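# kindly generate the corresponding structure for this input.
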Amino acid sequence: MMIFCQNAKKKWFPDAPMDKVNNFTVDHVSATTQANMDGANALAKTNPEATSVNNGPKILTGRSSVYFNKNSAFKDAKTLFFAMGHEFVHVSQIAFLGSINFLYSSFNNELFHNMMEFHAYSYEFDLERSLNSNFMNAGSYNTSQMMKTYPDIFDTFSKYYNYSWVKTVQFK
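Below you'll find the predicted structure:
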């Protein structure tokens, strides 16, 4: 599966921000992460890296690890394609957050998490629309509250099309 995953990434997302990724794997997933993905019916999970400077609060470094669910992400090529696109949005979001020294404790806020998911599912929706197929909506999220609470970050995340890697995405 891992070789297929790497080959698919190279073909579908040739300019993916791999310089921001520590791990991109299906083979080395911890039991806890696997259980969390299975419990949430998640195809994959992107975990941010955080560090503490001078024993201060943890901040995001801008790097992350992407883990694929061996039980569901490889159902078919299209499923893996959407999972990769979704997770690369998260990789890009985390890279941005690292550039502004975002606190790890704020990252774990439910509203903030929902905002990140909203934008990742919105990207999936756009990918699906570009393939001229039907697709689920971006979920039920309180976008008004997200925009009020995180106005600048919400706006930045809305512009995922500015991530350089999205310009070369192709599903063939």
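# and the helix or strand containing Ser65, what does it pack onto?
Taking DSSP states H and E as the criterion, the element that holds Ser65 is strand 58-68. Secondary structure elements in contact with strand 58-68, counted by 3 or more Cβ pairs under 8 Å, 6 or more residues apart in numbering; DSSP states H and E, are strand 21-25, helix 31-40, strand 44-52, helix 77-99, helix 104-107. All C-beta atoms are positioned from the backbone trio N, CA, C, and that covers glycine.
# pick the most buried one from these.
Across these, the average number of neighbours (mean count of other Cβ atoms under 10 Å) peaks for helix 77-99, which reaches a mean of 21.
# and the helix or strand bottoming out on mean pLDDT in the chain, C-alpha only, in CSV?
For the chain, using mean pLDDT, DSSP states H and E, the weakest element among its helices and strands is helix 143-149, scoring a mean of 78. Output for helix 143-149, consisting of C-alpha atoms alone and laid out as CSV, is shown next (Å, rounded to 0.1, in the frame of the first residue of the first chain):
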residue,chain,number,x,y,z
THR,A,143,-19.4,29.3,9.4
SER,A,144,-20.8,32.5,10.8
GLN,A,145,-19.2,31.8,14.2
MET,A,146,-16.0,30.7,12.6
MET,A,147,-15.7,33.9,10.6
LYS,A,148,-16.4,36.0,13.7
THR,A,149,-14.0,34.2,15.9
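# noted, bye for now.
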